[in-house]
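1. Just the structure for this:
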Amino acid sequence: MSLLTKVEILSILADGENAAQGSQSMLMSILPLVLLFVVMYFLLIRPQKKKQKEVEEMRSALKPGNRIVTIGGFIGKVKKITDDEIYVVFSENSEHVVLRKWAVQTVLDKEEAKEIEKHSKKAMDEDVPELVEDVDVEKLDMEEIETVEDAEVVSSDDKGYEIKETEEKF
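-> Numbering: from 1, shown residues only. Below is the predicted model of the structure:
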């Protein structure tokens, strides 16, 4: 072997080591991203998919007679079910309402349904007080105060106006 051949062999070996170090460096820069993705999968994606699957199973197991709570918070009783829609009655004296299945948040068990029914009947027997509209005095200007019925301006200061209610004129 000549001297030139030995130098060429050494340079080839050095290039191979540099290439191995370059690929190892690239692997080390990608590894944190891969680890981050694995952690995100197990902490966020997997539990969300599991919860979504449970909700889909709950919605597919709906049957007439079930008490449900909608996403909007309405409580009703399922009367009829089709592929994508359910027919729900919200009170004894009302007609049915058509909802999409995805609008169902939860299905109540029999004990919860009886408790809610008990409370709703009790609430229907009680007198419900009428709501009185509150007026935010600090946000009113003088023109708006003059248009408020059954009120008069008693005094004003730099913070706003005080309003005194007068007697109702019925």
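2. Tell me both backbone torsions, phi and psi, for residue 82.
-> When quoted as degrees, to the nearest 10, the phi and psi of residue 82 stand at phi -120, psi -170.
3. Spell out which residues make up each domain of the protein.
-> 1-60, 62-125, 136-170 (automatic domain parsing).
4. hey, least reliable of those by pLDDT?
-> Of all those, mean pLDDT reaches its minimum on domain 136-170 (a mean of 53).
5. the helices in the chain, which residues?
-> Remark: helices assigned in the chain by DSSP state H are 3-40, 46-60, 110-125, 142-147.
6. And the third one, what's buried?
-> Buried residues in helix 110-125, defined by neighbour count with 16 or more other CB atoms under 10 Å: residue 113. For every residue, glycine as well, the C-beta is placed using N, CA and C.
7. what does that helix rub up against?
-> 67, 75, 108 (CB atoms under 8 Å, 6 or more residues apart in numbering).
8. Show me what the nearest residue to the last one once chain neighbours are set aside is bridged to.
-> It stands for residue 108. Spatial nearest neighbour of residue 108, chain neighbours left out: residue 67 (4.2 Å); criterion: CB to CB, 6 or more residues apart in numbering. Beta-bridge partners recorded for residue 67 (DSSP bridges): residue 77, residue 108.
9. For residue 67, grab the count of nearby residues.
-> 19 (other CB atoms under 10 Å).
10. okay but it is in contact with residue 107, surely?
-> Yes. The pair residue 67 / residue 107 is scored as a contact, 7.2 Å apart, by CB atoms under 8 Å.
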